[in-house]
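Trainee: quick one: sequence plus predicted model below, questions after.
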Amino acid sequence: MDNAISRVDDVSLYELLPESIKGDDQLMAVCDALDQQMTDIAEDIEVYLPFLPNLDNIPERIVDLLAWQYHVDDYDPAADIAIKRGRVMSAIADHRIQGTPKAVKNVLDAMFGKDNYSMFEWFEYGGEPYHFRVVATTSIELTEDFMTRLENALVPAKNVRSWYDLSIAKNGNIPFTVNVGIVSHRILMRRCVAQG
């Protein structure tokens with residue numbers, strides 16, 4: 001074997017194995033499978049680098065991998081590709097402001113729309129320190145899946161020490177209130193109350 005390897009797909013993993021284990025059938029199968037994966041990845045890298053400036057031309061499967069790479073907290077693999085690309089593109093900026101009211105507002109903008117909620121710090125409504133209140137109106141069906149996605153997006157966006165009180169009215173109907181506190185990403189309390 002030549003020591004000058006210029007590309008990942010120029011060599012098989014099997015060729016790199018020591019002689020003592022080259023006869024193992026399971027290891028040969030693993031090498032074959034990984035060789036194919038490495039070749040596919042090498043081809044994708046050649047075509048789609050640099051990623052972010054070329055994001056609009058990248059296939060959806062690679063956008064999904066980039067979402068994992070950039071740790072997009074509220075990424076929905078079932079979302080429209082345009083939404084996925086937007087979440088990946090904004091991931092770095094979102095991480096820079098994590099733990100601030102702006103980060104929480106970005107999540108609320110994405111979930112409810114810019115004009116469909118109000119956010120108040122504890123001192124603005126007479127609440128307890130480290131609390132903030134969100135009052136939202138939506139036409140979105142308030143399913144368990146939606147509430148889970150909202151929580152999964154809010155938890156990493158908010159300050160770790162903060163608690164949020166969330167009131168959601170569906171098209172102006174009775175608000176659905178959720179009070180949640182998170183410490184080290186564990187739910188301490190979840191109270192759901194329909195207010196009348």
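Mentor: Sure thing, it's come through. Numbering: from 1, shown residues only.

Trainee: what is the least confident helix or strand in this protein?
Mentor: Lowest by mean pLDDT, DSSP states H and E among the helices and strands of the chain is strand 186-194, with a mean of 44.

Trainee: surely residue 70 and residue 94 touch.
Mentor: No. In this structure, residue 70 is not within contact of residue 94 by CB atoms under 8 Å, at 9.1 Å. Glycine gets a C-beta too; all of them are placed from N, C-alpha and C.

Trainee: please name every helix or strand in contact with the top helix by length along the chain.
Mentor: Across the chain, the longest stretch assigned as helix under DSSP state H is helix 25-48. Under the contact criterion of 3 or more CB pairs under 8 Å, 6 or more residues apart in numbering; DSSP states H and E, helix 25-48 touches helix 13-16.

Trainee: can you show me the strands along this structure?
Mentor: Along the chain, counting by DSSP state E, strands occupy 117-121, 131-138, 163-170, 175-183, 186-194.

Trainee: what are the pairing partners of the second one, and which direction each?
Mentor: For strand 131-138, the paired strands and their directions (DSSP bridges) read strand 117-121 (antiparallel), strand 163-170 (parallel).

Trainee: can you flag the weakest of those by average pLDDT?
Mentor: Ranked by mean pLDDT, the strands paired with strand 131-138 bottom out at strand 163-170, which scores a mean of 83.

Trainee: report the buried residues of that one.
Mentor: 163, 164, 165, 166, 167, 168, 169 (16 or more other CB atoms under 10 Å).

Trainee: those: which two are farthest apart?
Mentor: 163 and 169 (20.7 Å; CB to CB).
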